[in-house]
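**Student:** Sequence first, predicted coordinates after that:
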Amino acid sequence: MLRLADTSIRLYRKKDGTASVRLRSYLMINTDIGFRLSAYLNKIECSVAIVDGPTVHFDEVAYSEHCTYKMNHMVHDFWATGSTPYGAMKDTTVGLLRIEYRLFSFEGQGEPSIIEQVVPVVARGTAEQRFGKRYRNAA
């Protein structure tokens, strides 16, 4: 019932040496009528298992209250962020994104719905920020 329009995960090196992991997308819901998502989405949890790296559980998952309703779809802004200790980042790798949610149900009313898909994981920033000072260009 739910799906994401863009699933590129971005890694940003933070000053403390950890990596900020971010997902910015659009949450799309196929429906015949519009409704207030916050009243019916009772749980949403996200994580990404980076191939050659850690599994990151997003500690902040949010979506906009306002949406666009066109062509029988509600489209909400969606974002998730987390952080993890991470060594040398690769320019591009892949991971398994897992989103677990309950729409129109509560705990004890069956199993939650799950979206799992392979997604690109892209390091952002300068080479020095991604790989550390040892990769600094010689002047």
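**Tutor:** All right, it came through fine.
**Student:** Show me the helices in this protein, by range?
**Tutor:** 37-40, 127-131 (DSSP state H).
**Student:** Just confirm residue 57 contacts residue 80, I think it does.
**Tutor:** No. Checked against Cβ atoms under 8 Å, the pair residue 57 and residue 80 is beyond contact range at 9.8 Å. For the C-beta atoms, the positions are set from N, CA and C on the backbone; glycine is no exception.
**Student:** Which neighbours do those two have in common?
**Tutor:** residue 46 (Cβ atoms under 8 Å, 6 or more residues apart in numbering).
**Student:** okay, those two: which has more neighbours?
**Tutor:** residue 80 (26 against 15; other Cβ atoms under 10 Å).
**Student:** Let me see the contact set for that one.
**Tutor:** Residue 80 makes contact with 22-23, 46, 58, 60-62 under the criterion Cβ under 8 Å, 6+ apart.
**Student:** what's near enough to touch residue 14?
**Tutor:** Residues near residue 14 by Cβ under 8 Å, 6+ apart: 20, 83.
**Student:** Hmm, I typed the wrong one, I wanted residue 121.
**Tutor:** With contact taken as Cβ under 8 Å, 6+ apart, residue 121 is in contact with 8-11, 48, 50, 53, 92-95.
**Student:** Report the beta-bridge partner residues of it.
**Tutor:** Residues in a beta bridge with residue 121, per DSSP bridges, are residue 9, residue 93.
**Student:** same deal with residue 21?
**Tutor:** residue 11, residue 82.
**Student:** any idea of the pLDDT on it?
**Tutor:** We have a pLDDT of 93 for residue 21.
**Student:** Please name the nearest non-neighbouring residue to the residue nearest the centre of the chain.
**Tutor:** Centroid-nearest residue in the chain: residue 23, 3.5 Å away (criterion: Cα atoms, centre = their mean). Nearest residue to residue 23 in three dimensions, chain neighbours excluded: residue 80, at 4.4 Å (Cβ to Cβ, 6 or more residues apart in numbering).
**Student:** now swap in residue 5 and tell me
**Tutor:** residue 26 (4.0 Å).
**Student:** ranges for the strands of the protein?
**Tutor:** For the chain, the strands defined by DSSP state E occupy 2-4, 9-13, 18-30, 41-50, 55-57, 60-63, 68-70, 73-85, 92-103, 113-124.
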